[in-house]
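Trainee: just a sequence and a predicted model for now, questions to come.
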Amino acid sequence: MQEFAGQVAVITGGASGVGRSLAFALGRRGARVVAADVDRNAMDALERDASAMGIGLLTRRCDVTAGADCEALAGYAMNEHGRIDMVFANAGIGAGEAGPMWTYSMKDWQWCFGVNVWGVVNTINAFLPRLVAQERKSHFTVTGSGNGAFVVLPDAPIYTATKAAVQAITENLYYQSVAMKSPVSVHALFPGPHVVDTGLFDSDRVRPESFDTGTPKSSGIRSVEDMRRLMQQHGMELKTTHPDEVAEAAVAGILADTFWICPRTEESLAKFLARVESIRTLQNPVAASVG
Ligand code: NAD
């Protein structure tokens, strides 16, 4: 189980949800983890829990919307450990949008693009030069979402738009790395196959004051449980995935060195194929459902 002994992993958004599970999955396998986040309380809890399990781990405040923070994070990891083997550009938020998209606050658009898109770009800019300069095998994994990359779910247009951009960026990074014969393997991680039970539906807990819209969250959903109740009211069942399963899939994908790290079901594949078929036949698209 010590596949990553001596290796160094940096995770943005590493304090909760998928990032936290990644920290444990990698730490248990011998990696020295640097978990970066904006949520100090969650980082303290992660440090406590990791130490109780005998996992060595460092935490570091890093707001991925700030290029300087990402640069400082990369410098910190390098100074502390002298090498970086795995980077997870994982930080992401949901803006909690609901209703017609022309009614959304620009602050919701800007915050979500800031974290989900510029956060990934800032992480690439800070870490890729260092990974390439090491001239040995390393891994750069971007957490995307099937909602945006493969299908357009109609419930969260801002989030979907950010994850469509993230897919374009990640895939281009992969093509460029291959073309350059770079030793950096690029991976696209898609948490799933079902909705992953994390804090994503309550991202407002880390919304900066500068992006406060002054109105309560419009979707009314603050947790996977809220989503489950809402779907039950419409006679639908919500299946969920534990973030630890996502972390295990990520580990397997890195060890197998595959670009797509995408646990999926027949249903999720069918939704993707329905969209592709609409594009192929030029028939009008039909919205896919969540869950
Ligand atoms: P989460 O809220 O549990 O974790 C996200 C982490 O990012 C939090 O610890 C949060 O504090 C941190 N964060 C927020 N803004 C930040 C910033 N500016 N700088 C640094 N860190 C910041 O949610 P999660 O579901 O674990 O999200 C992880 C990734 O998985 C995201 O990119 C998300 O879009 C993606 N994802 C999640 C699901 C799902 O079903 N939960 C599905 C597909 C993709």
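Mentor: Now that the structure is in, tell me what you want to look at.
Trainee: right, and the helix or strand after the lowest-mean-pLDDT helix or strand in the chain?
Mentor: Across the helices and strands of the chain, mean pLDDT, DSSP states H and E gives its lowest value to helix 224-233, namely a mean of 92. Per DSSP states H and E, the first helix or strand lying C-terminal to helix 224-233 is strand 240-241.
Trainee: please name every helix or strand in contact with the helix or strand just after that next one.
Mentor: As assigned by DSSP H and E, the chain's next helix or strand after strand 240-241 is helix 243-256. Packing partners of helix 243-256 (3 or more CB pairs under 8 Å, 6 or more residues apart in numbering; DSSP states H and E): helix 17-28, strand 138-143, strand 184-189, strand 260-261. Heads up, the C-betas are built off the backbone N, CA and C, glycines and all.
Trainee: helix 243-256 to strand 184-189, inter-axis angle?
Mentor: Helix 243-256 runs at 150 degrees relative to strand 184-189, counting by axes from the mean of the first three to the mean of the last three CA atoms, to 10 degrees.
Trainee: the ligand contacts on the chain?
Mentor: 12-13, 15-19, 37-39, 42, 62-65, 90-93, 115, 119, 143, 145, 191, 195-196, 198-200, 203, 206, 243 (CB under 6 Å from any ligand atom).
Trainee: out of these, name the ones that lie in helices.
Mentor: G17, V18, G19, A42, G119, P243 (DSSP state H).
Trainee: in the longest helix along the chain, which of the residues would be classed as buried?
Mentor: If you go by DSSP H, the chain has its longest helix at helix 157-179. By neighbour count, with 16 or more other CB atoms under 10 Å as the criterion, the buried positions of helix 157-179 are 157-167, 169-171, 173-174, 177.
Trainee: stretch 54-63 too?
Mentor: I55, L57, L58, T59, R60, C62, D63.
Trainee: contacts for that stretch next, please.
Mentor: Residues from elsewhere that reach stretch 54-63 (CB atoms under 8 Å, 6 or more residues apart in numbering): 12, 14-15, 23-24, 27-28, 32-38, 40, 43-44, 46-47, 50-51, 69-70, 72-73, 76-77, 80.
Trainee: ok, stretch 75-87 next?
Mentor: Stretch 75-87 is contacted by residues 4, 7-11, 26, 31-32, 34, 58, 60, 74, 123, 127, 130-131, 134, 137-141, 254 when judged by CB under 8 Å, 6+ apart.
Trainee: what's the answer for stretch 247-263, then?
Mentor: Here stretch 247-263 makes contact (CB under 8 Å, 6+ apart) with 3, 18, 21-22, 24-26, 29, 86, 88, 139, 141, 146, 174, 185-190, 192-193, 241, 245-246.
Trainee: circling back: so which of the contacts of stretch 75-87 are in strands?
Mentor: Among the contacts of stretch 75-87, DSSP state E puts V8, A9, V10, I11, R32, V34, L58, R60, S138, H139, F140, T141 in strands.
Trainee: just among these, which is most surrounded?
Mentor: V10 (31 neighbours; other CB atoms under 10 Å).
Trainee: just the buried ones from the residues of the chain next to the ligand?
Mentor: By 16+ other CB under 10 Å, those give 12-13, 15-19, 37-39, 42, 62-65, 90-93, 115, 119, 143, 145, 191, 195-196, 198-200, 203, 206, 243 as buried.
Trainee: and the contacts of stretch 54-63, which are buried?
Mentor: Applying 16+ other CB under 10 Å to the contacts of stretch 54-63 flags 12, 14-15, 23-24, 27-28, 32-38, 43, 46-47, 50, 69-70, 72-73, 76-77 as buried.
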